[in-house]
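# just to be clear, the model below is a prediction. Sequence and coordinates:
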Amino acid sequence: MTEKQASATIYELAKKNNASMPELVAGMAMHESGYLRSPLAREYNNPFGQTGNGPKGSVKIVGSDGKERTFAIYNN
């Protein structure tokens, strides 16, 4: 997926779900996930890096700082 396609995908999802500023939602997701290339976005459907438990549970990931964090896993 190209960067443009990634941005358009999130923009359309935000618009479909009545986000008041879909451009902002898409921009934040692109920044947080490296244009949906991060493992968190690809493998766990979490483009915003949300911590805690999601509908499908959580995953523990060790960051570059050596600290383990718990991230939410989403269905899609």
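Yep, it's here.

# how distant is the helix of greatest length in the chain from the center of its chain?
Across the chain, the helix with the greatest residue count (assigned by DSSP state H) is helix 3-16. Centre-to-centre, helix 3-16 and its host chain are 12 Å apart (Cα atoms, centre = their mean, to the nearest Å).

# tell me the bridge partners for Val59.
Taking DSSP bridges, one obtains Phe71 as the residues bridged to Val59.

# would you mark the buried spots in the helix or strand hosting Leu24?
With secondary structure defined by DSSP states H and E, Leu24 is part of helix 22-33. Using 16 or more other Cβ atoms under 10 Å as the burial criterion, the residues of helix 22-33 that qualify are 22, 25-26, 28-30, 32-33. For glycine as for every other residue, the C-beta is placed from the backbone atoms N, C-alpha and C.

# tell me what it is packed against?
helix 3-16, helix 39-44 (3 or more Cβ pairs under 8 Å, 6 or more residues apart in numbering; DSSP states H and E).

# out of the ones you listed, which is closest to Lys67?
helix 39-44 (15.0 Å; Cβ to Cβ).

# who are the contact partners of the residue nearest the centre of the chain?
Centre of the chain computed as the mean C-alpha position; nearest residue by Cα atoms, centre = their mean is Pro47, 0.6 Å away. With contacts defined as Cβ atoms under 8 Å, 6 or more residues apart in numbering, the neighbours of Pro47 are 10, 29, 32-33, 36, 38, 40-41.

# can I get these in a markdown table including distance to Ala72 and pLDDT?
As requested, the contacts of Pro47 are arranged in a markdown table below (distance: Cβ to Cβ, whole Å; pLDDT from 0 to 100):
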| residue | distance to Ala72 | pLDDT |
| --- | --- | --- |
| Ile10 | 17 | 95 |
| Ala29 | 14 | 96 |
| Glu32 | 13 | 94 |
| Ser33 | 14 | 95 |
| Leu36 | 16 | 95 |
| Ser38 | 14 | 93 |
| Leu40 | 9 | 92 |
| Ala41 | 12 | 94 |
